[in-house]
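In: How does the following fold in three dimensions:
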Amino acid sequence: MTPAFRSSRLVSTAAATAIAAAAMLAAGSASANEFYVTGSIGQTSLEHEIQRDLGPNPPALPVADTSGTSLTSDDGTSLQIAAGYEFDLAALPASVGIEGFYSYETAETRNINSVLVTDVDLDSRYGARLLFNYDVNDKFGIYTHGGVTVIDYDVTNSYTFAPPVTERSDSETAFAYGVGARYNLTDNVSLVLDYTRLSETQFDGIPEVAGNTGRVNPNRLGLDRLSTGLRFSF
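Out: As a prediction, this is how the structure comes out:
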C-alpha cells in the first residue's frame, strides 16, 4: 500500500470517528427537525490504477509485454438528487442531517498498461450519509459529512495488438466523506457547495485472455466530486 493510500485510509478513519461522535451528540440533544431535498450538478474526477505482474514465464505475444503500474484519470458531469431530515441541536448553533442520495455519473477512463487496455465507465453513485452542520450566522453554515456509497461501473478489457474484448458490469461499496457550505437565500431555499471524496476502492480486473493466461490484475478506483446546487426545506 502506498503512502498516499495509507493517508487516505487514516483520513477516512478520522472522519468516521467524528461522524459517530456527532451522531451520539444528536441522539441526546435533538429538539426539532425538518425534511429537505437537494438537487446538485457537479464534476466527478475518476482515478483508475492497474498493477500488473507478468510473472517469471509470461506467454509469447506478437508485441513486447511488460509488468508495471499505470494510473489515469478523467472528469465527467455529475447530477445528484438527495433527500433527508435535519435535527437541530438544542444547546448549539448546529444540527445533524441524515440523507439518502442518487447520482448519475458520466466520468470514464482509459488505462493502457503495456499491451492491456482497460476502460472504466462510471454509471452512478448512491447511498446514505450523516452530516454535521455548524451555523456561522443566520445566513451561512458549514458542514462535514460521511457515509456509505455504492458505485456502479462498467469495465472493458482489450489489447493494443488484437481485437479480443471482454466486458463486465460491477458495483463496489466504500466509505465517502467530505465538507460543504450552505448559504440561505430564503427561509426555505439554500445554495449548497459540496465536496466528496470516495476512499480507496479495490477490485479484481477481468481475467486476461491474451496468451490464455487468465491473469487477474489488482485495480484501484478513486473518486472526487465537487458540486453546487439548491436545497429546499419543508
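In: Name the nearest residue to the residue most central in space within the chain, sequence neighbours excluded.
Out: Nearest residue to the geometric centre of the chain (CA atoms, centre = their mean): residue 198, 3.3 Å. The shortest distance from residue 198 to any residue other than its chain neighbours is 3.8 Å, reached at residue 223 (CB to CB, 6 or more residues apart in numbering). To be clear about C-beta, it is placed using only N, CA and C from the backbone, and glycine gets the same treatment.
In: for the record, mean pLDDT for the strand or helix carrying that neighbour?
Out: In this assignment (DSSP states H and E), residue 223 forms part of strand 218-233. Per-region confidence: strand 218-233 scores 97 on mean pLDDT.
In: So what are the sheet partners of it and their directions?
Out: In its sheet, strand 218-233 lies beside strand 30-52 (antiparallel), strand 189-204 (antiparallel), with partners assigned from DSSP bridges.
In: Name the residues of it that come out as buried.
Out: Residues of strand 218-233 classed as buried by neighbour count (16 or more other CB atoms under 10 Å): 219, 220, 221, 222, 223, 224, 225, 227, 229, 231.
In: likewise stretch 86-95?
Out: Residues of stretch 86-95 classed as buried by neighbour count (16+ other CB under 10 Å): 86, 87, 88, 89, 94, 95.
In: I'd like to know how many residues surround residue 143.
Out: Counted with other CB atoms under 10 Å, the neighbours of residue 143 add up to 21.
In: my guess is residue 133 contacts residue 96, does it?
Out: Yes. Checked against CB atoms under 8 Å, the pair residue 133 and residue 96 is within contact range at 7.2 Å.
In: and for the two, which residues touch both?
Out: Shared contacts of residue 133 and residue 96, defined by CB atoms under 8 Å, 6 or more residues apart in numbering, are found at residue 86.
In: ok so, going back, and the strands paired with strand 218-233, which one averages the lowest pLDDT?
Out: Lowest mean pLDDT within those: strand 30-52, a mean of 90.
In: Check the offset of that strand from the chain's centre.
Out: Taking the mean C-alpha point of strand 30-52 and that of its whole chain, the gap between them comes to 7 Å (CA atoms, centre = their mean, to the nearest Å).
In: Could you check how far the helix or strand just after it is from the centre of its chain?
Out: Using DSSP H and E, the helix or strand that follows strand 30-52 in sequence is strand 68-89. When distances are taken as CA atoms, centre = their mean, strand 68-89 is centred 5 Å away from the chain's centroid.
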